[in-house]
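1. fold the following and give me the result.
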Amino acid sequence: MQPSYAAPFSRVSAAVVAVLLLLVAVQVARADEEWQVLKDCRLLPNESNDADSFHVMAAGKEYLFRLYFIDAPETDTSVPERVNEQSRYFGISVGQTVQLGNLGKQFTKAKLGRPFTVRTCMQDAMGRSRMQRFYAFIEAADGDLAELLVVNGLARVYGSSATPLGLSSPEVEWEKLRGLESQAKAQKVGGWGAASDRMTARSATQPPKSGPGSFDAFFHPVTVSGGTTSGASSSVAA
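-> Predicted structure coming up:
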């Protein structure tokens, strides 16, 4: 009797097909995660907005974004365990923590008073809102919003579990933010100046603005302008 090779070949063929399908699925998933740049964005009024999480209108569509790498104090005590954690971090009272959160909220509102740029790969930021929230980097007219909040003592370095797509070493950005936080502590501004009645004080030295191509060169994002996309992705993921 001749040996039968049909069954082994069938199993091999099925395995090859399965691998190919998996590769296709991975490529499709990554296409949805391409870095995208939303220009000329504006802040949308919403009672849930705070310093590091807010509603944005971009290319005619509403989004909810949260900043990477930082955490700003809460604006109320609806999540007491979070407020207590933030209070311990800054070494201030719960009341002062909420006050700091509201100062941060007003700071962000002022910085985003003019059109700004959002860079996002639509990474899920979870949260309590019914609307899906995504992590993002926000470039205001005065510079990176997360850096501005930290250097002025209005936010803490936080969120190590959220690693942006394509960023091989998030530690580089964390170190930069920690340096800005040390500067805020030394100058006793924001939460670091509460004991000296300097919570409303701002850092004498603000971080330099990033060059126009610095982010593009580092992350290689897909550019979105006026609702159209140039690059691998054809539209902004929702």
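2. confirm Asn84 sits in a helix?
-> Yes - with DSSP: H, G, I helix; E, B strand; the rest coil as the criterion, Asn84 is located in a helix.
3. report the contact partners of it.
-> Neighbouring residues of Asn84 by Cβ atoms under 8 Å, 6 or more residues apart in numbering: Val94. For every residue, glycine as well, the C-beta is placed using N, CA and C.
4. partner strands of whichever strand or helix holds Val56, parallel or antiparallel?
-> Following DSSP states H and E, one finds Val56 within strand 53-58. Applying DSSP bridges, strand 53-58 is found paired with strand 36-43 (antiparallel), strand 61-67 (antiparallel).
5. now it: buried residues?
-> Ser53, Phe54, His55, Val56, Ala58 (16 or more other Cβ atoms under 10 Å).
6. and Ala51, how far is that from Gly104?
-> Ala51 sits 3 Å away from Gly104, going by Cβ to Cβ, to the nearest Å.
7. what do those two both touch?
-> Ala72, Pro73, Leu149, Leu154, Ala155.
8. got JSON lines for those residues, with pLDDT and secondary structure too?
-> Formatted as JSON lines, those follow (pLDDT from 0 to 100; DSSP: H, G, I helix; E, B strand; the rest coil):
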{"residue": "Ala72", "pLDDT": "98", "secondary structure": "coil"}
{"residue": "Pro73", "pLDDT": "98", "secondary structure": "coil"}
{"residue": "Leu149", "pLDDT": "98", "secondary structure": "helix"}
{"residue": "Leu154", "pLDDT": "99", "secondary structure": "coil"}
{"residue": "Ala155", "pLDDT": "98", "secondary structure": "coil"}
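9. by neighbour count, which of those residues wins?
-> The residue in those with the most neighbours, by other Cβ atoms under 10 Å, is Ala155 (33 neighbours).
10. rewinding a little: so for Ala51 and Gly104, which residue has more residues nearby?
-> In this view Ala51 and Gly104 are compared by other Cβ under 10 Å, and Ala51 has more residues nearby, 28 against 24.
11. for the more buried one, what are its contacts?
-> Contacts for Ala51 (Cβ under 8 Å, 6+ apart) come out as Ala72, Pro73, Gly101, Gly104, Lys105, Phe107, Thr108, Leu149, Leu154, Ala155.
12. identify, from the residues you listed, the entry nearest to Asp197.
-> Leu154 (16.2 Å; Cβ to Cβ).
13. next one: the closest residue to that closest one other than its chain neighbours from Val157, what distance?
-> Closest residue in space to Leu154, ignoring its immediate chain neighbours: Gly104 at 3.9 Å, by Cβ to Cβ, 6 or more residues apart in numbering. Distance from Gly104 to Val157, counting by Cβ to Cβ: 14 Å.
14. kindly report the same for Gly60.
-> 34 Å.
15. can you map out the helices along this structure?
-> Using DSSP state H, the helices of the chain run over 6-32, 80-90, 94-111, 145-151, 171-187, 214-219.
16. and the third one, which residues are buried?
-> Right, the one you point to is helix 94-111. By neighbour count on 16+ other Cβ under 10 Å, the buried set for helix 94-111 is Gln96, Thr97, Val98, Gln99, Leu100, Gly101, Leu103, Gly104, Lys105, Phe107, Thr108, Lys111.
17. which other residues reach it?
-> 43, 49-52, 54, 72-77, 83-84, 86-87, 90, 92, 140-142, 145, 148-149, 152-155, 190-191, 194, 199-200.
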